[in-house]
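model the structure of this input:
(one chain, ligands or ions: 1)
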Amino acid sequence: MGMIVIDGMDGSGKGVQTRRLRDALLQAGYKTILTREPGGSPGAEEIRRLLVEGEPNKWDAMTELLLMYAARRSHLVGTVWPAMAEGSWVVSDRFADSSRAFQGIAGELGLDVVEQIHRIAVGEFKPDLTIILDVPVKIALERASARGGVEDRFERKGAAYHERVREAFIKISQSDNKRYALIDGSMMIDQVTAAIFQVIKSRLHLGI
Ligand code: TMP
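Next up is the predicted model:
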């Protein structure tokens, strides 16, 4: 058991890929749950609504960060850690690297600020593997806006913000070769899935 995160920009394809990964792990006989951030526990899903709906400027970056970490703490305590204690694999659509990329770098709070809050709220816990899907901003935002709906607060922060998010994720993925893998999310969906499964087989030795 452990935690596998798929992270990246809005519209990078995390939704479909996390579902495929969960299905493959279950089919291979591993106890597995699929979860997401912000959200993933009843309380964190309530906080999610505050974050993803409404005007882009309704929270400043620090308020956003604190709400993200309130949601993350609830998600860990209510969902992730209990599932791992029961021997499950946890597949999560986003985790703390989203706070580093969105609030820390794109929102210009700085990574040190994120790390300080992270230490208080999360401590030393780390996912076993984080896969970052990289997609050009134009394609990612087109995909994200094609979905429609009310959860568009971050998408409306503009292309320059999202360019900083993309660069941030690339940089983060290069910070630790063992814990991160950067995968080209602009390939065909099946090719992205194959690349993700390959990394999981080779790094975590799971039989999927
Ligand atoms: P989602 O659409 O992938 O579920 O994510 C909702 C938005 O929240 C997305 O635009 C990215 C943003 N986000 C952050 O800014 N910081 C975070 O820590 C997380 C988890 C998400």
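
got the contact list for stretch 153-164?
With C-beta atoms under 8 Å, 6 or more residues apart in numbering as the test, stretch 153-164 has contacts from 9-11, 51-56, 58, 102, 105-107, 137-138, 140-141, 144-145. Bear in mind the C-beta positions are built from the backbone N, C-alpha and C, glycine included.

again with stretch 108-121
61-62, 65-66, 69-70, 72-73, 96, 99-100, 103-105.

three-state assignment of A181?
When classified by DSSP: H, G, I helix; E, B strand; the rest coil, A181 comes out as strand.

let me fix that: V5
Using three-state DSSP, the structure places V5 in strand.

that one contacts S98, correct?
No - applying C-beta atoms under 8 Å, one finds V5 not in contact with S98, separated by 9.2 Å.

which residues are in contact with A106?
157, 161-162, 164-165, 168.

most neighbours, which of those residues?
V165 (24 neighbours; other C-beta atoms under 10 Å).

what about the helix or strand that residue falls within and the ligand, touching?
If you go by DSSP states H and E, V165 is part of helix 159-173. No - against the ligand, helix 159-173 shows no contacts by C-beta under 6 Å from any ligand atom, the least distance being 8.1 Å.

which residues does stretch 10-28 contact?
Contacts of stretch 10-28 (C-beta under 8 Å, 6+ apart): 4, 6-8, 32-34, 36, 89, 91-94, 133-135, 139-145, 147, 154-155, 162, 185, 189, 192-193, 196-197, 200, 206-208.

near the ligand at all, that stretch?
Yes - in terms of C-beta under 6 Å from any ligand atom, part of stretch 10-28 sits within range of the ligand, namely D10.

and for stretch 44-55?
Yes - using C-beta under 6 Å from any ligand atom, we find that stretch 44-55 touches the ligand at 51-52.

okay, buried residues for that stretch please.
Residues 44, 47-48, 50-52 are the ones in stretch 44-55 that count as buried (16 or more other C-beta atoms under 10 Å).

who does the closest residue to S173 other than its chain neighbours form a beta bridge with?
Nearest non-adjacent residue to S173, counting by C-beta to C-beta, 6 or more residues apart in numbering: L182, 4.0 Å away. Counting by DSSP bridges, L182 forms beta bridges with I132.

of all residues in this protein, which one is nearest the centre?
R94 (1.3 Å; C-alpha atoms, centre = their mean).

grab the nearest non-local neighbour of that one.
Of all residues not flanking R94 in the chain, E37 sits nearest, at 4.3 Å (C-beta to C-beta, 6+ apart).

next one: Y30
Per C-beta to C-beta, 6+ apart, closest to Y30 is W89, 5.2 Å.

CA atoms only: put the helix or strand of the chain with the lowest mean pLDDT into CSV for me.
Of all helical and strand segments in the chain, the minimum by mean pLDDT, DSSP states H and E falls on helix 137-146, at a mean of 93. Taking C-alpha atoms only, helix 137-146 is exported to CSV below (Å, rounded to 0.1, in the frame of the first residue of the first chain):
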residue,chain,number,x,y,z
VAL,A,137,-1.2,25.8,-21.7
LYS,A,138,-3.3,26.6,-24.8
ILE,A,139,-4.4,22.9,-25.1
ALA,A,140,-4.9,22.5,-21.4
LEU,A,141,-7.1,25.6,-21.0
GLU,A,142,-9.1,24.6,-24.1
ARG,A,143,-9.8,21.2,-22.7
ALA,A,144,-10.6,22.6,-19.3
SER,A,145,-13.1,25.2,-20.6
ALA,A,146,-14.8,22.6,-22.9
